[in-house]
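Enquirer: Here is my input, please return the structure:
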Amino acid sequence: MKSCYNIYEACRLNRVQIVVFASTNHVTGLNEKEGILSKPELPVRPDGIYGAGKAFSEALGRFYSDAHGMRVFCLRIANFNGLDEPGKRYEPGQSRWLSPRDCAQLTWRCIETKSIRFGIYYGVSKGAEEKWDLTNAREELGYDPEDEGSLPEWQEHYPEVRQ
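Expert: From the prediction side, this is the model:
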């Protein structure tokens, strides 16, 4: 948490106007465990200390946005493995994968969006519609994920279901 403070404060001191913060889906991890579709406007429900720390860092981003006029985008990233494939099998609607291409798109859309001062968005590719709501990312940023982690080709490529 101190590191996030240092980042926001360094940005303020150096007049950096836009921060894209890598948060986590663990901020609302208890929703997932209970089968509740997570939406950015729902209260935080961390599933551990990591998620709670990221929730604090999102709140700190809100403070810097409100108090110092910075534009802050918090991306609640799911599973980013850096590969052009999900790396494991995901059932339809249950994907956790954020592809590199979709991650890049979501990031540049945050940077180029001028009308948003503060926002929280789920960072995940297609196939996760039963876990996280991407409506605000689509409507506010124009985010349109191109890749899908639960395609039949991945079902065949990763036949064993591992949770």
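
Enquirer: since we're on the residue nearest to Ser99 when sequence neighbours are not counted, how many residues are nearby?
Expert: Nearest residue to Ser99, sequence neighbours excluded (Cβ to Cβ, 6 or more residues apart in numbering): Asp147, at 3.8 Å. The way it works is simple: take the backbone N, C-alpha and C, and place the C-beta from them, glycine included. By the measure other Cβ atoms under 10 Å, the count of residues near Asp147 is 20.

Enquirer: what bits of this protein have low per-residue confidence?
Expert: In the predicted model, the chain carries pLDDT under 70 at residues 160-163.

Enquirer: switch to 80 and redo it
Expert: Applying pLDDT under 80 to the chain picks out residues 1, 155, 159-163.

Enquirer: could you show me where the helices are in it, in order?
Expert: With DSSP state H as the criterion, the chain has helices at 2-13, 29-33, 49-68, 100-112, 135-136, 152-157.

Enquirer: was I right about the residue nearest to Ser99 contacting Ala104?
Expert: No - the pair Asp147 / Ala104 is not scored as a contact, 11.1 Å apart, by Cβ atoms under 8 Å.

Enquirer: rewinding a little: which one, of the helices of the chain, ends up nearest to Lys126?
Expert: helix 100-112 (8.2 Å; Cβ to Cβ).

Enquirer: on that earlier part again, could the helices of the chain go into JSON lines alongside distance to Ser125 and mean neighbour count?
Expert: Output for these, formatted as JSON lines (distance: least, Cβ to Cβ, whole Å; neighbours: other Cβ atoms under 10 Å):
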{"stretch": "helix 2-13", "distance to Ser125": "25", "mean neighbour count": "13"}
{"stretch": "helix 29-33", "distance to Ser125": "16", "mean neighbour count": "17"}
{"stretch": "helix 49-68", "distance to Ser125": "20", "mean neighbour count": "17"}
{"stretch": "helix 100-112", "distance to Ser125": "5", "mean neighbour count": "17"}
{"stretch": "helix 135-136", "distance to Ser125": "15", "mean neighbour count": "14"}
{"stretch": "helix 152-157", "distance to Ser125": "11", "mean neighbour count": "12"}
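
Enquirer: Gly87: which of these is closest?
Expert: Closest among the helices of the chain, using Cβ to Cβ: helix 152-157, at 9.1 Å.
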